[in-house]
Structure formats: structure tokens, C-alpha cells
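> when you get a sec, could you give me coordinates for this:
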Amino acid sequence: MLLAGMACGMACGEDVPTSPPAVDLPDPYSLGERLVLIDWLRERRIDIPDGATVALLRTLYFGAQPGASDRNEQLVMEADRRERARQVRRQLKSRFQLEPDESLSLEQLVDLREVNERAEQDRILADAKARNARPGDERGLRVSISTPEAETIARLKLAVALVAVKDRGTGTGFFVTPGGKLVTNQHVVGGLDAKIYVLWDGTTGRKAEEFKVTRIAEKFDLALLEPVTKGNSYAYLELFENYDLGRNVAAAGFPLAGNIANTLGTSPSDLTLSRGTLSSIKRLANVPVWLQTDCRIASGSSGGPLIDLKSMGVIGVTTMVMTAQSGGGAGDGVNLAIPAADVKKTFGF
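Here you go, the predicted structure:
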């Protein structure tokens, strides 16, 4: 039984033989189930063992529901449904500016979310296909590349791309080789069979291209993409391992691409550059495992490069926003990136 497995998992501190069912919590930052569960558990001040797997995180989630202590499976599942409905409503409001009727069931809310997600993706994919047919119209917005600042921006516009995943969502990626290998987060693409279009900033005039997933590293939440059609050349960024506290950095990406495009009627692939500092290095056994920055990021920034502005090297991969704890916590979320060393170690660059 589910509850018997929950009890063992919490007491033994390890995975149970039969994993609890997947937890379908809404994912406002496109983090994937693992990181969403970690965020949910931390908000409720629930201890998470180091290296906890998705199965154990599911066990902890179900164990935190009303009725779990009495092993009342019906109460646990009812509480789970209420929590999911609450979070779907929150996502519909924050992502699509919708206030669904209070009478809607969880299934109806999920259907409403899927309809709006498909409409958002249809627009982004239509934009990608249109860019294959014609170059971008800059309307007088071309940036002169006569200054170092302008050269930096022009380079980023070519080396950082919007990753549009059919029936899933959007994120950001960046090129690491001239042949078109592109790094992003695993939670952006999902699995190896994802159908993906890559879009550049419209001012580059570069046509959209179809890409495929060639490698996934779930442990580090990383994915490697390559173009379906070979032979093109790509601007790329170097990986740079220097994690000095206080370094001037920038996060490049496409936050809230679908939301902004739908609201303003603009292209979803307008690059956003957010500047800040490397504000903290989170370590495990004195090894950097997370980089914290005060650059502003949001849903859609995932997979984008965190760039050291002095060297123009990528020191990290923007991955998640850890929200303030609901139990009396306040303030902005904490913006985290995966260190470049993990990208090198995972993909051998």
C-alpha cells in the first residue's frame, strides 16, 4: 500500500521498493517534478536528505499531507487533489492571467491549463516557422558594433537562443561549439524524443532551426541539443570556471516569453539581459554545487547562461528560483545556477 511505503521511506531515509505515484504539482518556473517537490517541501520546512531521489521526494510529499500520520490513504489523496487544484489555480492566474470559476474540478482546471499551454506553444512554433520563411525585420533597431558593449550584445544575441519545445513549454539555451551543440536544462526539454525549434533574437535575421536532444543528465538537470540539419556554423560561448564572490555577471535568456508575447503582441524571441553579481556560492564538501546571483530571472530563463562580464565566459546555467518560505518567510526568491564545472564534467567539454 502507498501509506505503508510512505512510513518505511520516512523511517528508513531511503527509497521504498514501490515508488509512490508521480506528483503532478504545477510548475510555474518549468523546473520539473524533482525541483518543484524540493521547493514545496522546503516551503513547509521539511528536512530533505542529501541526494534524495524523486521517489523519496514523492514519499515525503505524501507524508506531509493531512491523514498521513493515521495512514488514512483516502484523506491523503483528497488532500493531494486539493493542493494540486490550489496550485493549478495559482499557475493559471500567474501565467495566463486567468481567474477560473471556483466550481471547476481539478480535471477541468488541468484541461484549462493544457488548452492555454497549447495555444501559447502554437504561437511560438508558428513564429519559428515564419522565421524560416523570411529574415527578421529590425525596423531601424540595428545596433552598431563599433563599441565593446555593442559587440558583446551582438555576440550574445547569436550565441543564446530560445528553446521552444512542442507541447511542453519554452526555455533558454546557449551554444558551446561552432558545430551547434547547445546546452540547456533537462527540465526544459523533458526527454530524448522532444520536438524542438531554436529561435534567435529577431534582430539577428537568423532563421529558426529544428534541434534534437542527444544527451540528458537528470542528476545535474542538464541536456545537450544538436541541430537536425548539419553543416551550419554557430556563434558560441566558452565555459569559464571562476566563482569569485562579487563578480559582475549577467543572465541572458527569454523569461516569460509566451506571457509577454501574448500580452504585448510581440515576438517571443526578444533576448533579455539582466545584470548583477555572483552573490553566493553554495558548496558541498567545499565543492561549488549552486551559484546564487541577484540577476533577475523568471520562467523561461531556465537553461540560459550566467556570464562573467569580464571574460565573457559562462560560469553557470540558470536553473531555478527558490521562493521565500511560506511559513512566515518574505522577500524575493533566490536565483540559482548550475556551475560550469558540472557542464564540463557531464558533457566532456
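> where do the strands of the protein begin and end?
Remark: strands assigned in the chain by DSSP state E are 160-165, 169-175, 182-184, 196-199, 209-217, 222-227, 248-253, 272-284, 287-293, 305-308, 313-322, 334-339.
> list the residues that contact Leu192.
Residues near Leu192 by CB atoms under 8 Å, 6 or more residues apart in numbering: 213-214, 216. C-beta: built from backbone N, CA, C; applies to glycine.
> give me the buried subset of those.
With burial judged by 16 or more other CB atoms under 10 Å, the buried subset of the contacts of Leu192 is 213, 216.
> and the contacts of Leu192, which is closest to Ser267?
Val213 (24.5 Å; CB to CB).
> could you give the bridge partners of that closest one?
Leu225 (DSSP bridges).
> does it touch Asn185 like I think?
No. Val213 lies out of contact with Asn185 (CB atoms under 8 Å); the separation is 11.5 Å.
> mind listing the shared neighbours of those two?
Ala223.
> so Lys310 sits against Gly246, correct?
No. Contact criterion CB under 8 Å: Lys310 and Gly246 do not qualify, at 11.7 Å.
> who has more neighbours, those two?
The residue with more neighbours, out of Lys310 and Gly246, is Lys310; 12 against 8, by other CB atoms under 10 Å.
> the more buried one and Thr204, how far apart?
Distance from Lys310 to Thr204, counting by CB to CB, to the nearest Å: 24 Å.
> so what's Val198 up against?
161-164, 173, 182, 208-211, 225, 227.
> correct me if wrong: Ala337 contacts Gly316.
Yes. Ala337 is within contact range of Gly316, at 3.3 Å (criterion: CB under 8 Å).
> and for those two, which residues touch both?
With CB under 8 Å, 6+ apart, Ala337 and Gly316 have common neighbours 291, 293, 306.
> distance of the last one relative to Lys219?
Going back to what we said before, that points to Leu306. 19 Å.
> the two - which one has more neighbours?
Remark: of Leu306 and Lys219, Leu306 carries more neighbours, 30 against 12, as counted by other CB under 10 Å.
> show me the contacts for the closest residue to that one other than its chain neighbours.
Leaving aside its sequence neighbours, Leu306 sits nearest to Gly316 (CB to CB, 6 or more residues apart in numbering; 3.9 Å). Residues in contact with Gly316, defined by CB under 8 Å, 6+ apart, are 291, 293, 305-306, 337-340.
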